[in-house]
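Novice: Make a model of this:
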Amino acid sequence: MAIILHLETATTVCSVALSDNGILLMEKTVEEPREHAKMLTVTIDDLLKQCGYIYGQLDAISVSKGPGSYTGLRIGVATAKGLCFALDKPLLATGTLYSMAECAKQQLVKSGKAIHDKLLFCPMIDARRMEVYSAVFNSGLQEVGSVNALILQDNSFDKWKDCELVFFGDGAEKYKDLISKKINAFFFSDFRLSAEGLISRSEELYIQNAFEDVAYFEPYYLKDFVAGPAKKQS
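Specialist: The predicted model follows:
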């Protein structure tokens, strides 16, 4: 039985969750862009207090490893590593796009949508202009289209035209007007990312003792950071 704290900061969402033996105890999400540094530790404290736990009772820390926002990922991973060092607990890391697919599947099941063998999950994180971080997962959440930085084109997903594709995430909106009419697409506009999407995979990793090296672990940025033009000093 493992008590695991989960941190999701890879996008504009700052979310934390606590699980016991793979079961969600509580989740708290703050949707305030660029406020991760201010809100993350406060939200963790509030979550643990409301659940009646203290930091010493945690068995592991789980974090969304990317791809996603450079700043968000750095804050989440730095916080997770800090907790692991301070508490002498192991670190677990799950890909953000997988976590998104897990969330989408859970939410669609709750909404009553049938999850069939031809259904594919296509999470998208906005990466500026017409580029997104994306991957494709089947109904069992196995990766069938690898994680990549994709410049969207009308035929980007034509290879899966015989399937029903579910598009979601903050990068999906800009694909609506571009998508090929050959694709059977469903745009999941009510999708909500949260740290709950980390629970299932993290529990598996914990059981397998598949821990990260806390000292050397870094976020999975996928692309090198490119800074914008410097602002002129007045």
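
Novice: Low-confidence bits of this structure, can you list those?
Specialist: Along the chain, segments meeting pLDDT under 70 span 224-234.

Novice: any idea which helix or strand comes after the helix or strand containing residue 144?
Specialist: Using DSSP states H and E, residue 144 sits in strand 143-151. The element immediately downstream of strand 143-151 (helix or strand, assigned by DSSP H and E) is strand 164-168.

Novice: Measure how far that next one is from the centre of its chain, please.
Specialist: Distance of strand 164-168 from the chain centroid (CA atoms, centre = their mean, to the nearest Å) equals 16 Å.

Novice: That one: partners in the sheet, and parallel or antiparallel?
Specialist: Strand pairing for strand 164-168, determined by DSSP bridges: strand 119-126 (parallel), strand 184-187 (parallel).

Novice: Show me the residue sitting in the middle of this structure in space.
Specialist: With distances taken as CA atoms, centre = their mean, residue 96 lies nearest the centre of the chain, 3.1 Å away.

Novice: Leaving out chain neighbours, which residue sits closest to that one?
Specialist: residue 10 (4.2 Å; CB to CB, 6 or more residues apart in numbering). Where you see a C-beta, it was placed from the backbone N, CA and C, and this is true even at glycine.

Novice: Over to residue 81?
Specialist: Of all residues not flanking residue 81 in the chain, residue 214 sits nearest, at 5.5 Å (CB to CB, 6+ apart).

Novice: The one you found against residue 85, yeah?
Specialist: Yes: the pair residue 214 / residue 85 is scored as a contact, 6.3 Å apart, by CB atoms under 8 Å.

Novice: quick one, longest helix in this structure?
Specialist: For the chain, the longest helix by residue count, based on DSSP state H, is helix 70-87.

Novice: after that helix, next one along is what?
Specialist: strand 91-94.

Novice: contact partners of that following strand?
Specialist: 4, 60-65, 80-81, 84, 198, 201-202, 205-206, 210-212, 214, 217 (CB atoms under 8 Å, 6 or more residues apart in numbering).
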